[in-house]
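[1] No letters, just coordinates:
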């Protein structure tokens, strides 16, 4: 099934956290918090402002950070995705292309 988000919405697949190390405390799945980062699978064409389409800052393939309650969870073909507005994205992690606005903070 192909899904194309409209306007300024994006489709995100949550990225799972890594497996716990040996000897670590294991938290049951029901008590774990869902990851707050994911990969953009599809992006809309952008929002309209005074009849002009403004393109999105994120593109398919970007890894993004988003808020805990961001987006709407949908299940397609047994897989859970998030559909959210671009405004719900807090940051792009490790951008692979130059961005026009702002600088990036170094990661440790």
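    Yep, it's here. Just so you know, these numbers come straight off a predicted model, no measurement behind them.
[2] Compute the number of surrounding residues for the spatially closest residue to residue 42 that is not a sequence neighbour.
    Among residues not flanking residue 42 along the chain, residue 11 sits closest, at 4.4 Å (CB to CB, 6 or more residues apart in numbering). Yep, even glycine has a C-beta here, placed from its N, CA and C like the rest. By the measure other CB atoms under 10 Å, the count of residues near residue 11 is 22.
[3] what comes up buried for the helix or strand containing residue 11?
    Under the criterion of DSSP states H and E, residue 11 resides in strand 9-14. Within strand 9-14, the residues that qualify as buried are 9-12, 14, counting by 16 or more other CB atoms under 10 Å.
[4] Any regions of the chain where pLDDT drops low?
    1, 17-21, 23-35, 94-108 (pLDDT under 70).
[5] Turn the buried residues of strand 9-14 into CSV, including distance to residue 66.
    Output for the buried residues of strand 9-14, formatted as CSV (distance: CB to CB, whole Å):
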residue, distance to residue 66
9, 13
10, 10
11, 12
12, 7
14, 9
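[6] Hmm, residue 12 is touching residue 82, no?
    Yes - with contact defined as CB atoms under 8 Å, residue 12 reaches residue 82; the gap is 4.5 Å.
[7] Find the residues that touch each one of the two.
    38, 66, 71 (CB atoms under 8 Å, 6 or more residues apart in numbering).
[8] Just among those residues, which is most surrounded?
    residue 38 (26 neighbours).
[9] okay, now residue 91: neighbour count?
    Residue 91 - counted by other CB under 10 Å - has 12 other residues nearby.
[10] Spell out, range by range, the strands that occur in the chain.
    For the chain, applying DSSP state E gives strands covering 9-14, 37-43, 47-49, 52-54, 63-66, 72-76, 79-85, 89-93.
[11] and the third one, what does it pack onto?
    With contacts defined as 3 or more CB pairs under 8 Å, 6 or more residues apart in numbering; DSSP states H and E, the secondary structure elements packing on strand 47-49 are strand 52-54.
[12] same thing but at 7 Å, please
    If contacts are counted by 3 or more CB pairs under 7 Å, 6 or more residues apart in numbering; DSSP states H and E, strand 47-49 sits against no helix or strand.
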